[in-house]
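Visitor: A structural model of the following input is requested.
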Amino acid sequence: MKMHPYPERRYRPAAAMRLRPAKPLILLMALLSAACLTCVAEKEINYSDFYKTYGTLTPSELCVRGYDCLKLDDVATAQAFFNLAAGMWNEDLPFRDKVNCIISMNNIGSFLIFHNHNPQQAYPLLAKAQDLAVKEDASTILPVVYDNLAKIYDDFGDINRSMSMYRDAYTLSEGRTDRITVNKIFNDLASTAVFNGRLDSIRPQIESQLSLPVDSSVLSPYSSKLAEGLDAMLGRRYREAAGILTDADSLVRSDIDQPHYLVAHYLITAHAFMLAGNHDKAVRILGKAEKTVAESGIIYMLPKIYASLEQCYRSRGDAVRADHFRLRKLETRDSLYDAGSFSKIKDLESAHEIDKLNKGIAEAAIRHAHRLTLIWILVSGLIIIIALLAFLAIKNHSLNARNKTLVLKNEEANERQRIDRLLRLDYEKKIERLRSLIPEPDAERPQGDKTDATASRDRQAVPMTKEEIVETIRRIKNVTEESPEIYSPDFSLDRLAEITGCKSVYLSYVINTELKKNFNTLIAEARIRKACELLLDEDTAHTLTLDAIAERVGYKSRSHFSAVFKKITGISPSRYAAIARES
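Guide: You can find the predicted model right below:
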């Protein structure tokens, strides 16, 4: 019937049960007075202090404490714990705490239905528990929530809705390992189906219950016998069904809600006897049910008992007693549920459905807005990607063009480098030739290329011995290689004669005949060789201009220097300097 039931309430209006049936109002007042007195006797909970003491606990911890109170029959404190846990619902809670919040909502609804007889307050809590259980995929809670909602619809006569929810609850509980829930829901379903003549509509559930093995779980042996009795009733074997159910009296053993299941069993058994034609036996069994209600205080079962008694007496042809119990049924129902309660439940149900519809519309609007935002983001992203691709394509085209240009330039540079390497090799050869322009004087220089007659004529023209010639060449070389005098613009043959101590006529003779050049060429070669050394030197090459180098080696004008340099080396001074830097 419910997942976490409350302890039995034991109201004892025994005197009222001994009253004559002609005084139904006295019996009803006694029952309700006893219930009210018992409720008043319960301890009151100061919720402000209660929250200060236990408000820091998690919903799971509060549920555990609530169950501990139920074991001690402390219903008020248990309800306080469940109230506090249910009020802590939050979307950000861990899943385990969310489940315990939903369980607490169901438990409070159960208290309101069976303990406080206030289904109109229970309905919103159970409806919310149902929605949250579906949303959070807490399917283990749904069967008991459906079971409690079905009880509300059953009490207010909406049998179609009640049977539908009972069947859904049973179907959801079938796959669970918790057989207790399956057994209890089957008992509630069977009681409602039999009382309202809908037994044929639960044939699949009866067959399913018959296929379950009997175990040690609560109500398992009884549920198996109940399924056998219902199966016999479906087969119109009413006496057999009545016998099976009568034998099952001692099997109705529940950990909690024992009176509820016992009264439900008496109602089913009485109907089996009525179908078997034994109305007297049915009346006696219903009397036992009425006594159990009086002892336990579960007065919500009275309308069904009186309705069954009305049916018994009407079948026996006793219209007086039948009308009597019909009146008592109506009085009891009116006392339990005022005329506006069912309307309130319907209004709450409608409001709940409208609220669900509004939430669905709001969620759909949010989803639509999210979809539009997502589409906008995707379109924007696509536009950005297309723009980037176009930019990259243009950039790639530009890079390809640049690469082609760079490749061409690289090829040209490689070609220039190859040509420069070839020129450099040629220039290096020329540089080596420049460095050896001034030959070393050779004392033993062979004169084989001269005839004896020519040599004799030369010596006759300028009377010099061979030793004098060698010494004169040595002095000339010392001057051209070491003396800075030759870099003077006014350096002449006479000045060379003064430095070497030789007559100018002898110097001219040796330069012309032995060195095979005139004085100007000799001095120009020495000066150009010095210029080449300056151009090859890294320090002077970066600090001296060509004008400065020309002046340093004895030329007053750069043009004259360049002409002489190119005549001797074959290249201009600037080109020579460039080659020198590269090498």
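Visitor: name the nearest residue to Cys69, ignoring sequence neighbours.
Guide: The shortest distance from Cys69 to any non-neighbouring residue, by C-beta to C-beta, 6 or more residues apart in numbering, is to Ala78 (3.8 Å). C-beta here means a position set from N, CA and C on the backbone, and glycine is covered the same way.
Visitor: next: Pro119.
Guide: Using C-beta to C-beta, 6+ apart, the closest residue to Pro119 is Ile152 (4.5 Å).
Visitor: next, the one you found: phi, psi?
Guide: phi -60, psi -50 (degrees, to the nearest 10).
Visitor: show me what contacts it?
Guide: Applying C-beta atoms under 8 Å, 6 or more residues apart in numbering, we find Ile152 in contact with Ile113, Pro119, Ala122, Tyr123, Leu126, Ile345.
Visitor: against Cys312, how distant is the fifth one?
Guide: In this structure, Leu126 and Cys312 are 34 Å apart, going by C-beta to C-beta, to the nearest Å.
Visitor: need the contacts of Ile152 in JSON lines (columns: secondary structure and distance to Tyr47).
Guide: Output for the contacts of Ile152, formatted as JSON lines (DSSP: H, G, I helix; E, B strand; the rest coil; distance: C-beta to C-beta, whole Å):
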{"residue": "Ile113", "secondary structure": "helix", "distance to Tyr47": "21"}
{"residue": "Pro119", "secondary structure": "helix", "distance to Tyr47": "23"}
{"residue": "Ala122", "secondary structure": "helix", "distance to Tyr47": "19"}
{"residue": "Tyr123", "secondary structure": "helix", "distance to Tyr47": "22"}
{"residue": "Leu126", "secondary structure": "helix", "distance to Tyr47": "22"}
{"residue": "Ile345", "secondary structure": "helix", "distance to Tyr47": "27"}
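Visitor: which residues touch stretch 236-252?
Guide: 219, 221-222, 225-226, 228-230, 232-233, 258, 261-262, 265, 268-269, 272-273, 275-278, 281.
Visitor: can I have the buried ones of those residues as a PyMOL selection?
Guide: The PyMOL command for the buried members of the contacts of stretch 236-252 (criterion: 16 or more other C-beta atoms under 10 Å) is given here:
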select buried, resi 219+221+222+225+226+228+229+230+232+233+258+261+262+265+268+269+272+273+275+276+278+281
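Visitor: how many other residues sit next to Ile244?
Guide: Neighbour count for Ile244, taken as other C-beta atoms under 10 Å: 21.
Visitor: so which helix or strand takes in it?
Guide: Using DSSP states H and E, the element containing Ile244 is helix 238-247.
Visitor: using PDB, write out every CA atom in that helix.
Guide: Taking C-alpha atoms only, helix 238-247 is exported to PDB below (Å, rounded to 0.1, in the frame of the first residue of the first chain):
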ATOM      1  CA  TYR A 238     -16.400 -19.800  -5.600                       C
ATOM      2  CA  ARG A 239     -16.600 -22.400  -2.900                       C
ATOM      3  CA  GLU A 240     -13.000 -23.500  -3.600                       C
ATOM      4  CA  ALA A 241     -11.900 -19.800  -3.500                       C
ATOM      5  CA  ALA A 242     -13.700 -19.200  -0.200                       C
ATOM      6  CA  GLY A 243     -12.000 -22.300   1.300                       C
ATOM      7  CA  ILE A 244      -8.600 -21.200   0.100                       C
ATOM      8  CA  LEU A 245      -9.000 -17.700   1.500                       C
ATOM      9  CA  THR A 246     -10.400 -19.000   4.800                       C
ATOM     10  CA  ASP A 247      -7.400 -21.200   5.200                       C
END
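Visitor: need phi/psi at the residue most central in space within the chain.
Guide: Nearest to the mean C-alpha position of the chain, counting by C-alpha atoms, centre = their mean, stands Asp92 at 16.0 Å. The phi and psi values for Asp92, taken as degrees, to the nearest 10, are phi -90, psi 0.
Visitor: so how far is Ala270 from it?
Guide: The value you get for Asp92 to Ala270, if C-beta to C-beta is used, is 52 Å.
Visitor: cool, Gly297 as well?
Guide: 21 Å.
Visitor: so if I had to pick from the two, which one is more boxed in?
Guide: Using other C-beta under 10 Å, the more surrounded residue of Gly297 and Ala270 is Ala270, with 30 against 21.
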